[in-house]
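Visitor: let me see the structure of the following:
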Amino acid sequence: MARGQTDEQPVSRCCDAPGTSAERCCPPPGQEDADRLTRVAKALSDPIRLGMLDVMAQGRACCGLPEPSERGVPGAGEPAGICVCDFQDHFGIAQSKVSYHLHVLREAGLVREEARGKWSFYSIDGEAAAGALEAFRDLMRV
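Guide: Numbers count the residues shown, from 1 in each chain. Predicted coordinates:
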């Protein structure tokens, strides 16, 4: 159901008004917005990347991932996010494949990276993900 629509009152389209053209009332997204939405859609189109986002959203405790200190990660405290090596172990795929998938997610703006020595930790960029979801919602008028 479209935003603002109820069971009793269907939402009329602005393009239905007399003398209004579809190009004027329902403009397509700008090139920059279209490119961003395309990158996000591509990032979400792979089951491994969806799984990676799920692991990041649930955190280390959900999957029995080892603490970073067990791997000798430098720095005080636990870094935010999930290590590339944890993704390798969890999904049973090579480091190059993990790096590729994380690159796609990073290019889409859905995750952020924190480097600690030779280790990289990834976490969801909540603000960017929320913005992408809102852009899709606006595009589809839902």
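
Visitor: where do the strands sit along the chain?
Guide: In the chain, the strands defined using DSSP state E lie at 82-83, 111-116, 119-124.

Visitor: what distance do you get for residue 105 to residue 114?
Guide: For residue 105, the distance to residue 114 equals 14 Å [Cβ to Cβ, to the nearest Å]. Every C-beta, even on glycine, is put in place using the N, C-alpha and C of the backbone.

Visitor: sorry, that was for residue 62
Guide: Distance from residue 62 to residue 114, counting by Cβ to Cβ: 19 Å.

Visitor: between the two, which one's more packed in?
Guide: residue 114 (14 against 10; other Cβ atoms under 10 Å).

Visitor: can I assume the more buried one is in contact with residue 125?
Guide: No: using Cβ atoms under 8 Å, residue 114 is not in contact with residue 125, being 11.5 Å away.

Visitor: which stretches of the chain aren't confidently modelled?
Guide: Where the chain drops to pLDDT under 70, the residues are 1-27, 74-79.

Visitor: nearest spatial neighbour of the residue most central in space within it, skipping sequence neighbours?
Guide: Note on the chain: the residue nearest the mean C-alpha position is residue 110, at 3.6 Å, using Cα atoms, centre = their mean. Leaving aside its sequence neighbours, residue 110 sits nearest to residue 129 (Cβ to Cβ, 6 or more residues apart in numbering; 5.4 Å).

Visitor: so what's the residue count around the one you found?
Guide: Residue 129: 17 neighbours (other Cβ under 10 Å).
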